[in-house]
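>>> Below: sequence and its predicted model.
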Amino acid sequence: MPSKIKFDRNQLENIKDLYINQEKTLKYISLLFNIDRGVIKRRLKELNVKLRTAKETKNINRKNIDKRLLKDFYVNKKKSLLMLRKKFKVRFGVIKEILIGMDIKIRNQQQATDLFRYLPSTHKKQSKSLKKTLSNSNIRKKISNERKLRWLNPKYKQKMHKIFKALNRTGSKHPRYIDGRSDLRFLIHNLSEYKQWRIEIFERDDFICQICNKRGNKLEAHHKKSFSKLLSEFLKEYNQFSPIEDKETLIRLAMKWKPFWEVDNGMTCCVKCHKTEFTTRPK
């Protein structure tokens, strides 16, 4: 067992002064004395010092950041948020909040990638090593599963929605937004014709997955010719109508457009097989 670390009275008073009067964090004090944070916590408790909550430490970290310096690094020197996080030793959220508070526009994904191209060679080397690790399919699967689990949490969804709002990336300003067709897609999927089309496919295939040959479970109707292709063909045919302004007329036309409701274009799949066999990956 390791021996208990002993402090002098002067050292204990110094730790107390750093924590209470100078408002230094436990991390800062532990690095200063080269001791684990847990040891300093215990010593402060012995001295009857009330430890700060997570919110209080966040506010202190915010106070310690030089706003002028942060603005200079981000706007003039064009440093990334990752570099600023390492420089000021604070979370991304804190840096974003300070920048938005100073009415500074946060760069979008495209602007950030354009800047990254002109960074020094050391960062490029890091990106090469990252590419090598991501080339491993198992690591990619792990990352994708973690991201999917995050989005299942409603608190994370709300948090991300606030960030997207702050970055002006909601609705028509979202990078994946294409002339209002996402809303149109959703409305077509909610039609009674679409539900009827699914039932007809399930009944034809006797509620059996056409890949693993298992009956029942959670079933999905897979489009042999993808729905996005059908939708783009539909919009080309009726290009005189706008998918934003003329949604109601387009939905009425979609109800009668035969390629959407061809039973031969569908096949029954269970959720697992549908994900593994027909997930679209960028080429």
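Yep, it's here. Numbering: from 1, shown residues only.

>>> what about the helices in the stretch 101-250 of the chain?
Here the stretch 101-250 of the chain has its helices, by DSSP state H, counting those that start in this stretch, at 109-116, 121-134, 137-152, 154-166, 181-189, 192-204, 227-237, 247-256.

>>> okay, the angle between the last one and helix 227-237?
Here helix 247-256 points in a direction 110 degrees away from that of helix 227-237 (axes from the mean of the first three to the mean of the last three CA atoms, to 10 degrees).

>>> Show me the one of the helices of the stretch 101-250 of the chain that comes nearest residue 49.
Of all the helices of the stretch 101-250 of the chain, helix 154-166 sits nearest to residue 49, with 31.6 Å by CB to CB. The C-beta positions use only the backbone N, C-alpha and C, and glycine is treated the same way.

>>> What mean pLDDT does the closest one get?
Averaging pLDDT along helix 154-166 gives 78.

>>> can I see the domain layout of this protein?
What automatic domain parsing lists as the domains of the chain is 9-60, 65-131, 136-172, 181-278.

>>> quick one, what contacts residue 230?
223, 259-260 (CB atoms under 8 Å, 6 or more residues apart in numbering).

>>> now swap in residue 156 and tell me
When contacts are counted by CB under 8 Å, 6+ apart, residue 156 touches residue 150.

>>> buried residues in stretch 67-87?
Neighbour counts over stretch 67-87 (16 or more other CB atoms under 10 Å) mark 70, 73-74, 79-80, 84 as buried.

>>> Just the residues you listed: which are in helices?
Judged by DSSP state H, the buried residues of stretch 67-87 include 70, 84 as members of helices.

>>> In a markdown table, list the buried residues of stretch 67-87 along with distance to residue 34 and pLDDT.
Formatted as a markdown table, the buried residues of stretch 67-87 follow (distance: CB to CB, whole Å; pLDDT from 0 to 100):
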| residue | distance to residue 34 | pLDDT |
| --- | --- | --- |
| 70 | 29 | 86 |
| 73 | 29 | 85 |
| 74 | 32 | 87 |
| 79 | 29 | 83 |
| 80 | 30 | 82 |
| 84 | 26 | 83 |
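
>>> still on that earlier bit, where among the helices of the stretch 101-250 of the chain is average confidence lowest?
helix 121-134 (a mean of 56).

>>> ok, back up a step: ok, so of the buried residues of stretch 67-87, who is nearest residue 201?
Nearest to residue 201 among those, with distances taken as CB to CB, is residue 80, at 48.3 Å.

>>> for the closest one, phi and psi?
Here is the backbone geometry of residue 80 (degrees, to the nearest 10): phi -80, psi 170.
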